[in-house]
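K.L.:
Sharing a sequence plus its predicted fold:
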Amino acid sequence: YQRRVHGVGYEDCPMVVEVDKRTDISNYYLSQFVYPTGLTDAMKSNTAFMKELRGRIGGTPAQRASLTQQLVLPGREKTDFWNILGAWGFDIGNKLLGVNCTVLAPPSVRFGDSHESSTPGRWAFFDRESRQCHSVAYCPQDVAGYAVCDRMSGGRDFLRELEKQARSVGLQIQFQVRETRSPQPDDYIQTIRRIAEHEARPDMRTVIVVLMPQKDVRPGGLYSRVKQLTLKQSVVTQCVVASGDNKGVGPKALMTAVQICAKIGGVPWTVHCAKPAFTIPNEGTMVVGIDFHFSRVGEPCSIMGLVATMDLVNLECWQTVVALPPDQPVADSGALVSAFREAIEAYNYRHGAPPQRIIIYRNGIGESQIVELGRKEVGALKPLFGDIEFSFILTFKNNKARIFACSGEDSCDNPPPGTILDGEAVSNRHGMYEFLLVPQQVTQGCVTPIKVLVLHNDVSCLNAQTLHYLTYTLCHSFFNWLGTIKMPCLCEYAGRMAKFAGTHREGPVIIPESLASGFYYI
């Protein structure tokens with residue numbers, strides 16, 4: 001083609017090179033057949049173009065429904081199309097498929113001062129009526145707090161506000177300030193290492209708040225090096241950009257205090273579901289979340305994160321990461337069995353008996369790998385569990401389905417949080433039970449439901465309704481966001497932990513035992 005059209009040989013032909021991130025294999029393409037995608041700076045600066053683009057890809061549900069109908073259904077003037085359908089005995093209506101959905105009652109979010117919030121999708125620590133903050137549900141008392149900042153930065157104002165907000169939510173932490181000699185990252189790292197090695201007490205939890213002079217998340221930057229120390233020195237760190245601007249410092253300090261509570265093993269809030277609909281007992285139940293991350297740091301590998309509940313109500317968890325060969329989305333049988341054996345031993349140590357039932361939420365798999373996953377992972381776990389009942393559930397975040405709540409002929413809106421769609425309206429070529437769940441309150445654009453598929457289930461008390469409520473309830477307990485998230489929190493925690501370990505490791509993937517109880521990676 002190059003010789004015939006352009007008169008140049010292969011060695012003179014410009015090529016576009018694509019390097020696969022997982023396998024490092026290079027793919028070469030002729031530049032004439034490669035078209036750029038994405039938005040250029042000129043496009044982004046074009047106000048009319050961006051307004052039209054937002055209307056196309058992020059419009060209201062009514063606009064999305066109208067565009068879908070226009071895209072799928074040709075006009076009646078396309079007589080050939082309709083004549084062929086008529087010859088086959090088919091006809092297509094001009095409306096979207098209407099089905100009946102179930103809307104779950106929102107669970108109760110309970111704070112430490114016995115205040116309950118049942119607002120679907122969002123809640124807050126600050127009560128606007130009483131002008132007071134609700135206290136956290138639980139926080140460890142044996143906590144030593146340190147703050148590292150540059151002597152010339154404006155971090156002390158934020159630190160004072162942080163201590164104030166921490167006291168308002170029930171965190172009794174006094175931060176001892178350690179100043180660096182300069183704003184250079186090396187001085188920050190030396191100060192943090194000195195605290196971890198010489199000042200931190202082994203009988204107390206240690207949290208170090210790093211007041212960064214500026215945001216620096218690049219590889220090898222201050223943030224990355226601080227998180228590497230978290231894994232090496234077994235200390236919890238919280239990085240905050242300390243700007244001199246006091247605008248919005250109160251809510252920022254309040255959210256930082258909540259994050260610190262979760263990182264050191266505390267529970268900012270608990271979630272309670274109505275008993276008639278939720279029949280899974282807390283005693284004897286272990287719920288597990290699994291997710292994967294591909295790490296290119298050092299020797300490339302896939303990292304599996306596993307988070308298992310020791311107490312489902314208070315979300316007390318045991319967690320670990322396992323390194324696997326690269327480009328392996330299905331866990332190795334030996335590594336998977338070893339991780340679950342340790343989780344069962346931790347549960348046995350905590351309660352004096354192994355769990356009676358295990359419910360596993362598995363993320364990070366493609367639909368084309370469902371059969372392989374069932375054969376390998378479920379098959380490997382059956383001999384380990386023995387008499388323990390277990391359920392293996394797959395979650396899919398990137399789902400193409402859209403659900404609209406229609407209140408009239410042409411009125412479409414986003415469905416409320418807790419909307420469940422199952423039955424014949426949900427396609428499943430594998431013959432397994434699945435459903436769509438809308439867990440979030442969405443006010444802009446169109447909500448994307450998650451898909452949940454039951455790969456294996458022999459838990460006697462886990463029927464369809466209980467599974468709906470359990471999955472929806474778990475979307476309320478991600479302690480880095482005051483509201484529901486898209487996935488069950490255990491899968492989100494497992495993915496965050498795997499990414500944290502894979503991004504900030506300096507060698508083999510190792511999680512210190514002292515960090516196994518708190519969500520230090522959020």
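P.N.:
Great, that's in hand. Residues are numbered from 1 along each chain as shown.

K.L.:
what secondary structure does the nearest residue to Val509 once chain neighbours are set aside sit in?
P.N.:
When the adjacent residues along the chain are set aside, Val509 lies closest to Ala323, with 4.3 Å between them (C-beta to C-beta, 6 or more residues apart in numbering). (C-beta placed from N, C-alpha, C; glycine too.) The three-state assignment at Ala323 reads strand, by DSSP: H, G, I helix; E, B strand; the rest coil.

K.L.:
Scan this structure for its longest helix.
P.N.:
For the chain, the helix that runs over the most residues, judged by DSSP state H, is helix 333-351.

K.L.:
Restrict whatever helix or strand comes next after that helix to CA atoms and write it as PDB.
P.N.:
Counting by DSSP states H and E, the next helix or strand C-terminal to helix 333-351 is strand 357-362. Provided in PDB are the C-alpha atoms of strand 357-362 (Å, rounded to 0.1, in the frame of the first residue of the first chain):
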ATOM      1  CA  ARG A 357     -21.700 -18.800  56.000                       C
ATOM      2  CA  ILE A 358     -19.400 -16.800  53.600                       C
ATOM      3  CA  ILE A 359     -20.800 -14.400  51.000                       C
ATOM      4  CA  ILE A 360     -18.200 -13.300  48.400                       C
ATOM      5  CA  TYR A 361     -18.500 -10.300  46.200                       C
ATOM      6  CA  ARG A 362     -16.100 -10.500  43.300                       C
END
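
K.L.:
Direction-wise, compare strand 357-362 with helix 333-351 and give the angle.
P.N.:
Between the direction of strand 357-362 and that of helix 333-351, the angle (axes from the mean of the first three to the mean of the last three C-alpha atoms, to 10 degrees) works out to 130 degrees.

K.L.:
what's the distance between strand 357-362 and the middle of its chain?
P.N.:
For strand 357-362, the distance from its own C-alpha centre to the chain's C-alpha centre is 17 Å (C-alpha atoms, centre = their mean, to the nearest Å).

K.L.:
All the helices of the stretch 1-150 of the chain, in order from the start?
P.N.:
Counting by DSSP state H, counting those that start in this stretch, the stretch 1-150 of the chain forms helices over residues 41-45, 47-57, 61-72, 79-88, given from the N-terminal end onward.

K.L.:
go on, the stretch 251-400 of the chain?
P.N.:
Assigned helices in the stretch 251-400 of the chain, in chain order: 333-351, 370-373, 379-385 (criterion: DSSP H, counting those that start in this stretch).

K.L.:
returning to that earlier point: counting neighbours, which bits of the longest helix of the chain end up buried?
P.N.:
Neighbour-count burial for helix 333-351 flags 335-337, 339-340, 342-344, 346-347 (criterion: 16 or more other C-beta atoms under 10 Å).

K.L.:
nearest to Gly305, of the helices of the stretch 1-150 of the chain?
P.N.:
For the helices of the stretch 1-150 of the chain, the distance to Gly305 is smallest for helix 47-57, at 31.4 Å, taking C-beta to C-beta.

K.L.:
Show me what that closest one is packed against.
P.N.:
Here helix 47-57 is seen to pack against helix 41-45 when contacts are counted using 3 or more C-beta pairs under 8 Å, 6 or more residues apart in numbering; DSSP states H and E.

K.L.:
I'd like to know which elements the helix it packs on is packed against.
P.N.:
Using 3+ C-beta pairs under 8 Å, 6+ apart, the elements in contact with helix 41-45 are helix 47-57.

K.L.:
okay, the angle between the helix it packs on and helix 61-72?
P.N.:
The directions of helix 47-57 and helix 61-72 differ by 80 degrees, with the same axes, to 10 degrees as the criterion.

K.L.:
and the residue nearest to Asp458 when sequence neighbours are not counted, how many residues sit next to it?
P.N.:
Nearest residue to Asp458 in three dimensions, chain neighbours excluded: Glu389, at 5.3 Å (C-beta to C-beta, 6+ apart). Residue neighbour count, defined by other C-beta atoms under 10 Å, stands at 18 for Glu389.

K.L.:
And the contacts of the longest helix of the chain?
P.N.:
The set of residues that contact helix 333-351 without belonging to it, under C-beta atoms under 8 Å, 6 or more residues apart in numbering, is 283, 286, 288, 304, 306, 308, 310, 316, 318, 320, 322, 324, 354-355, 358, 376-377, 379-381, 384-385, 388.
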